[in-house]
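Participant: Sequence and predicted model, in that order:
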Amino acid sequence: QVQLVESGGGPVQPGGSLRLSCAASGVTLDTYDIGWFREAPGKEREEVSCIRRDGDTNYGDSAKGRFTISRDNRKNTVYLQMNSLKPEDTAVYYCVRKVACDGVMIYGDWGQGTQVTVSS
C-alpha cells in the first residue's frame, strides 16, 4: 500500500524556520515528481514546490527565496525547508505524487498533512 506521511509542522514565530518531511512507504519517491501543497483556512489549496525525478525543482511565487525542496533517496523522504516564515504561511501542508511537476494531475489520495502555524 502506497502511503506518504507528512510531518514536521508546528507553531513557529514569524521569521522562524521549519523543515517538513514527506516519508513514503510502498513506493520509491525518486521515481515520481513530488509536490508540496498547502491549504489555508478559506483559501484554495496551492502548490508550494515540486521536485522532479531528475532533481530539478519548481517553486511557487510565495516560496521563492525562502523555501527549499530536497529529496533523500536513502531515506525515501522529500523535505521542505521553510525559512523566514510569515503569518501568511500558516496552513496545512501536504505532499503528493504528481504525474508531472508542470501539470495538475496527481497519483493517489491526499494524506493528513501537517499543520504549520506562524504566529507571534
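Facilitator: On my side now, so go ahead.

Participant: From Glu39, how far off is Ser120?
Facilitator: Noted for Ser120: a distance of 22 Å to Glu39, by CB to CB, to the nearest Å. For every residue, glycine as well, the C-beta is placed using N, CA and C.

Participant: Among those two, which residue is more densely surrounded?
Facilitator: Shown here are Ser120 and Glu39; by other CB atoms under 10 Å, Glu39 has more neighbours (15 against 8).

Participant: quick one: what helix or strand has the residue nearest to the spatial centre of the chain in it?
Facilitator: Centroid-nearest residue in the chain, with CA atoms, centre = their mean: Trp36, separated by 2.7 Å. In this assignment (DSSP states H and E), Trp36 forms part of strand 33-39.

Participant: I'd like the next helix or strand past that strand.
Facilitator: The first helix or strand that comes after strand 33-39 along the chain, using DSSP H and E, is strand 46-51.
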